[in-house]
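K.L.:
I would like the atomic coordinates for the input below:
(2 chains)
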Amino acid sequence: MPLFSALSARWNSGDIVQILGANGSGKTTFLRLLAGLLRPHSGTVLFDGFAPESYECRSAMLYLGHQTGVELSLSPRENLEWYFALNGDKSGESMSAASVDFGALFDRVGLRGYEDVPCYQLSAGQQRRVALARLFRSNAPLWILDEPFTSIDKRGVGALVERIEEHAKSGGLVLLTSHQAWRDGCKSLDLEAYRGGVRR
Amino acid sequence: MSLIQLPSLRSALRATFVRELRIAGRNLAELANPWIFFIAVTLFVPLGLSAESKVLSVFGGGLVWILALLSVLLSLERIFQRDYDNGSLEQSILSGQPMYWLVSVKVFAHWCLTGLPLALLSPLLATMFAVPLKGWLALFLSLLFGGLAMSYVGALGAAMTVALRRGGLLISLIIIPFYLPLLIFGSEAVRSAQIGNPYVPHVMVLIAMAIFSVLFAPLAIGGALTVSMRE
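P.N.:
Next up is the predicted model:
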């Protein structure tokens, strides 16, 4: 049985789109499809006319999954150095990891003082913050965020929401799953409506 | 929309290499596991079989090669497993940097931590197994290039089984047939050198295998990793 079908949607830059659905309804699968990590059995995903596997799409994408890509035996700084050396800020201007102001970045995500502590010594929330720090330096036109607020405290969520809205305002497209109700001005897609191949 | 410029490939590869070495350095127990196996057997064999150098020198070179293969086999699982589990692998794929080069550098780092030290230690091993002086260079060269092929071919097995969780056994089953030619030419090189026959042809074959696997294995590894993401 297909997870969902007859699903068609189109979003533009500047949109914040919340993917809704109960546990197991396929939110993560859907985001992985959009990111090009999975392939749909039928149908296509296009970003600005390009397939998700293409360079054009990948060089424009920031993806944050359940597994955040934080290596626990490395420090937050080492993790982010690696990330930015590969990704840059994906804004269109080339940048190197050396040009990232890590001091300011760690201030913004509340990791000041933990820059050089191995990540396995940090709390779950702090480990998530290491991954979320990418958002505060990235200008990738497409953000795909799977449960970005998991184990983040209230103030952290506030800062994150602010950053996401700021990014959308400057022309980014943000797709995210979250169980948290968003403020107005956000589109949503409810996967329950396309469940099991039958449109309800 | 204009094409987005990623950071240069060189900086991405340097960062990947440094990261690999750092992770290895912070997880010394994992790293040392194959080495300890290697050293333990090197100690056991003379004690358990015979310390007579005449006896040892007959099979010494071949034994070093068998040990090298087994210890590399033991270390294969860790090449991609951590990165797969913590999500760094999908970040590498989605970064837009070419997987061919990212994978190449990762496996090269693996070789720097397994095959290269084994080759550098080969004079010591040769002494332990009473390999005559004539065989030392052949042992070093065959381990150096054979090890390169071992890492790159082995990484392919690791990439194909990374999504299966405990894929260690399967890696061995997939990879052992590919290791047999390496073992044949590697041990034969040492044996030939010991009795004064030319060993360069054998080493040449190993170099050819190393070049082939270094050039082409990353293509297959990149593909296998992308597919494993779909599990």
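
K.L.:
Skip the chain neighbours and tell me the closest residue to the residue in chain A that chain B sits nearest to.
P.N.:
Ranked by C-beta to the nearest C-beta, the top residue of chain A for proximity to chain B is A:Gln67, at 2.9 Å. Every C-beta, even on glycine, is put in place using the N, C-alpha and C of the backbone. Nearest-residue entry for A:Gln67: B:Gly87, 2.9 Å, with adjacent residues in sequence omitted and distances by C-beta to C-beta, 6 or more residues apart in numbering or on different chains.

K.L.:
Next: A:Leu191.
P.N.:
Counting by C-beta to C-beta, 6+ apart, A:Gly21 is the residue found nearest to A:Leu191 once chain neighbours are left out, at 3.7 Å.

K.L.:
that older thread, any idea how far the residue nearest to A:Gln67 is from B:Val41?
P.N.:
36 Å (C-beta to C-beta, to the nearest Å).

K.L.:
higher neighbour count, those two?
P.N.:
B:Gly87 (19 against 16; other C-beta atoms under 10 Å in any protein chain shown).

K.L.:
element containing the closest residue to B:Glu188 other than its chain neighbours?
P.N.:
Nearest non-adjacent residue to B:Glu188, counting by C-beta to C-beta, 6+ apart: B:His202, 5.3 Å away. Applying DSSP states H and E as the criterion places B:His202 in helix B:200-228.

K.L.:
which of the residues in that helix are buried?
P.N.:
Neighbour-count burial for helix B:200-228, counted by 16 or more other C-beta atoms under 10 Å in any protein chain shown, picks out B:202-203, B:205-207, B:209-210, B:213-214, B:217-218, B:220-226, B:228.

K.L.:
what is the mean pLDDT for the longest helix belonging to chain A?
P.N.:
When every helix of chain A is counted residue by residue (DSSP state H), the longest turns out to be helix A:154-169. Confidence over helix A:154-169, taken as the mean pLDDT, stands at 91.

K.L.:
and chain B, which of its residues are near chain A?
P.N.:
Residues of chain B found near chain A, taking C-beta under 8 Å from any C-beta of the partner chain as the criterion, are B:1-8, B:11-12, B:14-16, B:18-19, B:22-23, B:26-27, B:82-83, B:85-88, B:90-97, B:102, B:229-230.

K.L.:
mind showing which ranges of chain A have poor pLDDT?
P.N.:
A:92-98, A:183-184, A:196-200 (pLDDT under 70).

K.L.:
same thing but 80
P.N.:
A:1, A:92-100, A:179-185, A:195-200 (pLDDT under 80).

K.L.:
Enumerate every residue touching the residue nearest in space to the middle of it.
P.N.:
The centroid of chain A falls nearest to A:Leu145 when counting by C-alpha atoms, centre = their mean (2.5 Å). Listed by C-beta atoms under 8 Å, 6 or more residues apart in numbering or on different chains, the contact partners of A:Leu145 are A:Tyr63, A:Leu64, A:Leu135, A:Ile164, A:Val174, A:Leu175, A:Leu176, A:Thr177.
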